[in-house]
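K.L.:
Here is a sequence with its predicted model. Questions after.
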Amino acid sequence: MNHPPEALTTIDEKGRRKWVYPASVSGPFRKWRRGLGYFVILIYFVMPWIKIGGMQSILLQIPERRFVLFGQIFWPQELLYLVFLLLGLTAALFFFTALVGRVWCGWLCPQTVFLEEVFRKIEEWVEGDHHERMRLDKGPWNFRKVWKKGLKHSLYLIVSAHVSNTFIAYFVGTEELMSWTAGSPLDHWTAFLFMFSILAVFYFDFAWFREQFCIVLCPYARFQSVLTDEHTIQVGYDQVRGEPRGHVGQTTGDCIDCYRCVAVCPTGIDIRDGYQLECIGCARCIDACNEIMDRVQRPHGLVRHDSLTRFSGERTEIFRPRILVYSVLLVGVLIALFVGLGTRPLLDLTVVRPPGRPFTILSDHLASNHFSLRFYNRSQEDKTYRLAIEGPAGLKLVTPFNPIEVKAGQERRTEAFVTVPISSLHEGKARLRILVYHHRLLIAEKSITLLGPQVP
Ligand code: SF4
Ligand code: SF4
């Protein structure tokens, strides 16, 4: 068996990148992670094509400041819901990290999932196992190497194009994306450059940057150490059982120092050195060590999921203060989010005064105010809304659509002009209420100031 140097990291003493060639591994954790990984990939590719209430299930149109999540449109004035959603996700991340370590990184993060289940699979298929890959990289540039590298990188580019196009679909929508991809790059050269840049980023990340993203760039890796404690369940090595290391028959500990756990690690670390920032909790080393334990007929679990306290023979506390704080935070945010969403009115009415002159003088005694109205029908049914106004005497509403029909889950805009007798204004101002009825039921209203000339 190959014995790599004892403390592998991805950077050498001179600060140069050390390429990691993780060996393949099989076992229950690998099987579960593969199943979950395929599920994550499926969700990622399918989600933009699923429509809910006639809208893309997830669409984050940042320039338009319009966010669609599972059939609900959120506008900038409703960013509070998105803030609560992000707070909920952060609280969930804190809670699960304190409880079970970096389970997100190793099992669900798209970086890990795509790298492990797609890009490394292509690499293994084209270049062979980790020994063959190492030999190929060290060997001279001959026809075989050029052919294998060319094929691998061509496949990487094709997959990166699909991953990046799907990523873009979450931000511009599938219809817009289809029109970009169907047309000539010259017709949409800015869109083409944008798509090409995203593709280049994905290709660079999965073909070369790889585990460096988790180690160097990901902020979560940086602060996970403050979220965990000695009771957190993480992947670890049982020193009490494993040490002193040695070959079979020569050791009193169970670790036979075979380095198999190091060889399979995608971040190139030795779990026997203790918890490390580079560990993404993928459990490959658990499967690898259990395989070895089977061969040397020793019990599984020399490398396993456990807490530091349990590794040193003490009890693990599950209900500890930080778990309680994070769970209260998580439940509180989720309740606030669901209550907020549940009590959102089914009609979202926005009234704004367009830029320009605040009012127009129509005659000696009449002034007109112009408003832009946006109706967003959040319900699952088409609705017909009737507009009415209340305010000083002599008001008149002129609008092209009244009543106005708005389809389920859709928005519609219209313009409205309100004429007011100048004599009804007080110091050039008056209060106006814009009312919206559905079947004679008042369902929304907005108050706004009418403006006009100040008459001495
Ligand atoms: S795989 Fe298990 S036995 Fe082999 S070096 Fe790692 S901990 Fe020791
Ligand atoms: S030490 Fe084990 S769990 Fe951590 S990254 Fe390496 S293989 Fe995965």
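P.N.:
Yep, that arrived. Ligands and ions are numbered 1, 2, ... in the order given.
K.L.:
From now on I want contacts and neighbour counts done on CA atoms only, so please keep to that.
P.N.:
Fine.
K.L.:
show me where the stretch 101-250 of the chain has helices.
P.N.:
For the stretch 101-250 of the chain, the helices defined by DSSP state H, counting those that start in this stretch cover 103-107, 110-114, 120-127, 130-138, 143-172, 174-182, 189-204, 211-212, 219-227, 239-242.
K.L.:
Mind checking the ones you listed for the one nearest to residue 423?
P.N.:
Using C-alpha to C-alpha as the measure, helix 143-172 is the one of the helices of the stretch 101-250 of the chain that comes nearest residue 423, at 49.8 Å.
K.L.:
For the closest one, the averaged confidence score.
P.N.:
Mean pLDDT, computed over helix 143-172, is 96.
K.L.:
can you check stretch 304-318 too?
P.N.:
Per-residue confidence for stretch 304-318 averages out to 93 on the pLDDT scale.
K.L.:
re the thing from before, want to throw the helices of the stretch 101-250 of the chain into CSV with distance to residue 284?
P.N.:
As requested, the helices of the stretch 101-250 of the chain are arranged in CSV below (distance: least, C-alpha to C-alpha, whole Å):
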stretch, distance to residue 284
helix 103-107, 9
helix 110-114, 12
helix 120-127, 14
helix 130-138, 15
helix 143-172, 24
helix 174-182, 37
helix 189-204, 24
helix 211-212, 15
helix 219-227, 18
helix 239-242, 18
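K.L.:
if I look at residue 18, how far off is ligand 2?
P.N.:
Summarising the geometry, the distance separating residue 18 from ligand 2, computed by C-alpha to the nearest ligand atom, to the nearest Å, is 15 Å.
K.L.:
Report pLDDT for that residue.
P.N.:
As predicted, residue 18 sits at a pLDDT of 87.
K.L.:
Equivalent analysis for residue 4, please.
P.N.:
According to the per-residue confidence, residue 4 scores 45 in pLDDT.
K.L.:
ok so, going back, who wins for proximity to ligand 1 among the helices of the stretch 101-250 of the chain?
P.N.:
Across the helices of the stretch 101-250 of the chain, the minimum distance to ligand 1, taken as C-alpha to the nearest ligand atom, is reached by helix 239-242, at 6.9 Å.
K.L.:
State the mean pLDDT of the closest one.
P.N.:
Averaging pLDDT along helix 239-242 yields 93.
K.L.:
And stretch 408-416, by the same measure?
P.N.:
Along stretch 408-416, the predicted local confidence has a mean pLDDT of 88.
K.L.:
For it, which residues meet the burial criterion?
P.N.:
408, 409, 410, 411, 415, 416 (16 or more other C-alpha atoms under 10 Å).
K.L.:
Give me the distance from it to the chain's centre.
P.N.:
30 Å (C-alpha atoms, centre = their mean, to the nearest Å).
K.L.:
Show me what that stretch is in contact with.
P.N.:
Where contact means C-alpha atoms under 8 Å, 6 or more residues apart in numbering, the residues beyond stretch 408-416 that reach it are 53-55, 71-72, 370-383, 397-401, 406.
K.L.:
same thing with stretch 30-49?
P.N.:
56-59, 107-108, 110, 113-114, 117, 163, 166, 169-170, 173-174, 283-284, 287.
K.L.:
picking up where we left off before, narrow the buried residues of stretch 408-416 to those in strands?
P.N.:
Of the buried residues of stretch 408-416, the ones assigned to strands by DSSP state E are 411, 415, 416.
K.L.:
quick one, what contacts residue 359?
P.N.:
Listed by C-alpha under 8 Å, 6+ apart, the contact partners of residue 359 are 367, 368, 369, 370, 451, 452.
K.L.:
which one of those residues is nearest ligand 1?
P.N.:
Proximity of these to ligand 1, judged by C-alpha to the nearest ligand atom, is greatest for residue 370, which lies at 74.6 Å.
K.L.:
which residues does the closest residue to that closest one other than its chain neighbours form a beta bridge with?
P.N.:
Spatially, and ignoring its direct neighbours in sequence, residue 370 is nearest to residue 417 (4.7 Å; C-alpha to C-alpha, 6 or more residues apart in numbering). The partner list for residue 417 in beta bridges (DSSP bridges) reads residue 370, residue 398.
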